[in-house]
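1. Fold the following and give me the result.
(2 chains)
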There are 2 protein chains.
Amino acid sequence: MTATAARSTEPDTRTRLLNTALELFTRHGVEGTSLQMIADAMGVTKAAVYYHFKTKDEITEAVAEPALRRLGAIVREASAMRRRGAQIDHVLAGIVDMVISHRALAAVFSSDPGVARALERSLHGEENVKDCLTELLVGSSSNPASEVAAHVALAGIALAGGSPALADMPDDELRAHLLDAGRRLLGRPRRVSRG
Amino acid sequence: MTATAARSTEPDTRTRLLNTALELFTRHGVEGTSLQMIADAMGVTKAAVYYHFKTKDEITEAVAEPALRRLGAIVREASAMRRRGAQIDHVLAGIVDMVISHRALAAVFSSDPGVARALERSLHGEENVKDCLTELLVGSSSNPASEVAAHVALAGIALAGGSPALADMPDDELRAHLLDAGRRLLGRPRRVSRG
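-> Just a heads-up that it's a prediction; the model follows:
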C-alpha cells in the first residue's frame, strides 16, 4: 500500500503523524528524530507509522510538501511579473505570509541540515526553490551586495519568524515587522507611507 | 584525567577532534553526529575520543567555547558604552567579524536545535549571550519593530555568513556586505559615506 492510498483511507492519523513529526523536528532536529520517537509520541506502534511512511525522508518530504508547493507558486507568479520592484514585493510578501502561517516549520526547514539533505535526495529533478527565490530577490545582474542582502533576508525572516523569543507576538504585528525588515534590507520603500 | 589535562598533553589530537566534530556537525547536525562517527572520520577508535571527551555535549561545548567567550566580551564591551549608536555598531561589527572568522560554525550554532540544548545543559548559570546581544541591539525601551529587526539581523547574518551559496565570496567583501545589511536593518547610517 502506498502512502497516497493510506492517506485516502486514514487522513486523520496521517495528519496527526505529520504534526507530531514537525513538533519533534522542532525540538530535536530532523536527524535527532527517529520513527520510534514519532510512534512513542503518538502512543502507537512503529508498525502504525510504517503503514503511512516507509522512511523518515518520506515524512520530511510530506511535512515540507505544502510549503514547497506554495514557494514554487510564488516563484512562478513573480517570474511572470515585469517590474523588478513588483517581483521583489511579491516574493517578500509570499515568504512572510508563509512564515507567519507556519512559524515552527519555517525555522526548522530553513536551518536544519538534515532537512536540506532529505529534500535534496527526494526532490532531485525539481528546481531548487530556495535558489529561485534568491535569484528573484537579487535580480539578473550579479551584484554581491544584493546577493548577501537576499540571503540575510530569507534566512533572517524564516528564523526570526520561528523564534521562540517572538512566539508571543501576534501574527499581524510580526507579519508587518518582518515585511518591513525585508523591504529595508532589499532597498524597497516602506509599504504604508504617512503622506 | 580531565579534558584540560588531556589538552595540555595532546593538543593536536584535541584540536583535530574539534575540527572533525565541527565538520560533521555542519553536515549532519549535532544530533545526527555520534562519537563513533567522529572516531571513524579521524581514523581512531572510540576509546581515543573518550580519552578527550566523555560525551557529545562536552565536545559541543568545547567547539563553541571560544566563540561564546568572544560574544560574552562583545556584550560586556558594548554594555560599557554610553551612546546607543556606538553599542549597536560594536555588537554588529563584533558579530560580523566572528561570523567571518568561523563561517561554518556560525551557521551550525545559530540554527541547530541540538546545539542550543547542549549549551543550555552545560552553561546553565551563565547568562544567555544571545539574549544579551538582542537586548543591546533593541535598546531598553520595548519596541516590537526593533525586536524583530534585531532577530532578523542576528539570524540572517549568522546563516548568510555560513551559507554554502556565498562560500566563494572573499572574506572582506562578505564582511562589508553583512555589515551593511545589518546597519540597514537596524537603521544605522552607512559606514563609509561618500561626502
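
2. Got the domain ranges for chain A?
-> A:3-54, A:64-185 (automatic domain parsing).

3. now the helices for chain A?
-> A:3-9, A:11-28, A:35-42, A:46-52, A:56-79, A:84-101, A:103-111, A:113-123, A:129-138, A:144-161, A:171-185 (DSSP state H).

4. Deepest in the core, which of the domains of chain A is it.
-> Greatest average neighbour count among the domains of chain A goes to domain A:64-185 (a mean of 19), per mean count of other Cβ atoms under 10 Å in any protein chain shown. Quick note: C-beta positions are derived from backbone N, CA and C, even for glycine.

5. Could you tell me the end-to-end distance of it?
-> Counting by Cα to Cα, to the nearest Å, you get 27 Å between the two ends of domain A:64-185.

6. average pLDDT for it?
-> Summarised as a single mean, pLDDT over domain A:64-185 is 86.

7. contacting residues around A:Met81?
-> A:Gln87, A:His90 (Cβ atoms under 8 Å, 6 or more residues apart in numbering or on different chains).

8. Kindly recompute the last result at 10 Å.
-> A:Gln87, A:Ile88, A:Asp89, A:His90, A:Val91, A:Leu136 (Cβ atoms under 10 Å, 6 or more residues apart in numbering or on different chains).

9. Over to A:Asp168?
-> So A:Asp168 contacts A:Leu174 (Cβ under 10 Å, 6+ apart).

10. List phi and psi for it.
-> phi -90, psi -10 (degrees, to the nearest 10).

11. Now do it against chain B, distance only.
-> To chain B, A:Asp168 is 10 Å away according to Cβ to the nearest Cβ, to the nearest Å.

12. just A:Thr60 next, same as before
-> 13 Å.

13. A:Asp171 touches A:His177, doesn't it?
-> No - contact criterion Cβ atoms under 10 Å: A:Asp171 and A:His177 do not qualify, at 11.1 Å.

14. that older thread, reformat the contacts of A:Met81 as TSV; add distance to B:Glu147.
-> TSV is the format used below for the contacts of A:Met81 (distance: Cβ to Cβ, whole Å):
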residue	distance to B:Glu147
A:Gln87	29
A:Ile88	24
A:Asp89	24
A:His90	26
A:Val91	24
A:Leu136	28
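
15. can you name the two of the residues you listed that are farthest apart?
-> Farthest apart among those by Cβ to Cβ are A:Asp89 and A:Leu136. That separation is 10.7 Å.

16. list the residues that contact both of the two?
-> Common contacts of A:Asp89 and A:Leu136 (Cβ under 10 Å, 6+ apart): A:Ala78, A:Met81.

17. Quickly note the distance from the residue sitting nearest the centre point of chain A to A:Thr26.
-> With distances taken as Cα atoms, centre = their mean, the residue of chain A nearest its centroid is A:Ala106 (4.4 Å). The gap separating A:Ala106 from A:Thr26 is 10 Å, by Cβ to Cβ, to the nearest Å.

18. Between those two, which contacts overlap?
-> A:Gly162.

19. now A:Ala158, nearest residue through space, not along the chain?
-> The spatial neighbour of A:Ala158 that comes closest, neighbours along the chain excluded (Cβ to Cβ, 6 or more residues apart in numbering or on different chains), is A:Ser110 at 3.6 Å.

20. isn't the one you found right up against A:Ser163?
-> No - using Cβ under 10 Å, A:Ser110 makes no contact with A:Ser163, being 11.6 Å away.

21. Give the intersection of the neighbour lists for the two.
-> B:Ala155.

22. Please write out the alpha-carbon positions of stretch A:82-99 in CSV.
-> The C-alpha trace of stretch A:82-99 is given here as CSV (Å, rounded to 0.1, in the frame of the first residue of the first chain):
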residue,chain,number,x,y,z
ARG,A,82,7.8,42.5,-15.5
ARG,A,83,8.8,45.1,-12.9
ARG,A,84,11.7,44.3,-10.6
GLY,A,85,10.0,46.1,-7.7
ALA,A,86,6.8,44.1,-8.1
GLN,A,87,8.8,40.8,-8.3
ILE,A,88,10.7,41.6,-5.0
ASP,A,89,7.4,42.7,-3.3
HIS,A,90,5.6,39.5,-4.4
VAL,A,91,8.4,37.2,-3.2
LEU,A,92,8.8,39.1,0.1
ALA,A,93,5.1,39.1,0.9
GLY,A,94,4.8,35.5,-0.1
ILE,A,95,7.6,34.3,2.1
VAL,A,96,6.5,36.4,5.1
ASP,A,97,2.9,35.1,4.7
MET,A,98,4.2,31.5,4.7
VAL,A,99,6.5,32.0,7.7
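
23. How far does that stretch sit from its chain's centre?
-> Here the centre of stretch A:82-99 is set off from its chain's centre by 15 Å, with Cα atoms, centre = their mean, to the nearest Å.

24. before we move on, the earlier item: between the helices of chain A, which gets nearest to B:Asp131?
-> Comparing the helices of chain A by their distance to B:Asp131 (Cβ to Cβ), the top pick is helix A:144-161, with 14.3 Å.

25. Who are the packing partners of the closest one?
-> Other helices and strands packing on helix A:144-161, by 3 or more Cβ pairs under 10 Å, 6 or more residues apart in numbering or on different chains; DSSP states H and E, are helix A:84-101, helix A:103-111, helix A:129-138, helix A:171-185, helix B:103-111, helix B:144-161, helix B:171-185.

26. could you check the angle helix A:129-138 makes with the second one?
-> Relative orientation of helix A:103-111 with respect to helix A:129-138: 90 degrees, computed using axes from the mean of the first three to the mean of the last three Cα atoms, to 10 degrees.

27. now helix A:103-111, how far from the centre of its chain.
-> 6 Å.

28. Then the first one?
-> Averaging C-alpha positions (Cα atoms, centre = their mean) puts helix A:84-101 13 Å from its chain's average.

29. helices and strands around it, which ones?
-> helix A:56-79, helix A:103-111, helix A:129-138, helix A:144-161, helix A:171-185.
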